[in-house]
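> Predicted model follows, preceded by the sequence.
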Amino acid sequence: MIGGSELERLLRGAALRVTRPRVAVLAAVRDHPHIDTESIIGVVRERVGAVSHQAVYDVLRVLTTAGLVRRIQPAGSVARYEARVGDNHHHVVCRSCGAIADVDCAVGFAPCLTAADDAGYTIDEAEVVYWGQCTDCARQGRTGPAAEQRTVHSHEQPT
């Protein structure tokens, strides 16, 4: 876990004003990789008390725009946030429980994949989502999608 002073330094380094909600949201995302907005709200409320949904959404937008957090949204899932930014890594999603883990670059250097035809674009990032089954679900014989179970799991990989 990164201390509050380090989070404050990151905010200032991104030319952002340091506020309790910003520090709390950034801490929640750093402490819980691939966390969804509702879970962030719960963690922030535990840390700072009353905070509105809109305030958290606004902070997430600001932190994402500043490049301090990354928003991901695998097909069929709610938006998730992570603090691992700037390295163009990818994700693997369990089809059974929805758990998400980080996967390092597919091949080579960013953007990790070379497009057969770049259509004239200068490509600087590739987004890859691998789908499969986590070891817990495989061990328990779970199969198929379970959207209602898509919450932060203890077996997710830390960043």
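Nice, I can see it.
> Please give the three-state secondary structure assignment for the residue in the chain sticking out farthest from the centre.
Distance from the C-alpha centroid of the chain peaks at Gly120, with 29.9 Å (Cα atoms, centre = their mean). Here Gly120 takes the coil state, with states given by DSSP: H, G, I helix; E, B strand; the rest coil.
> Next, work out how far apart it and Asn88 are.
Distance of Gly120 to Asn88, given as Cβ to Cβ, to the nearest Å: 21 Å. (Glycine included, C-beta is placed from N, CA and C.)
> one step back: ok, the residue farthest from the centre of the chain to Glu127 distance?
For Gly120 relative to Glu127 (Cβ to Cβ), the value is 19 Å.
> do Arg45 as well
For Arg45 relative to Glu127 (Cβ to Cβ), the value is 31 Å.
> Where does pLDDT dip in this structure?
Across the chain, the ranges flagged by pLDDT under 70 are 1-4, 106-112, 144-159.
> make it 90
1-5, 74-77, 86-90, 95-98, 103-130, 140-159 (pLDDT under 90).
> Sketch out the helices for it, chain order is fine.
4-13, 20-31, 37-48, 53-65, 135-140 (DSSP state H).
> how big is the angle separating the third one from helix 20-31?
What that stands for is helix 37-48. 120 degrees (axes from the mean of the first three to the mean of the last three Cα atoms, to 10 degrees).
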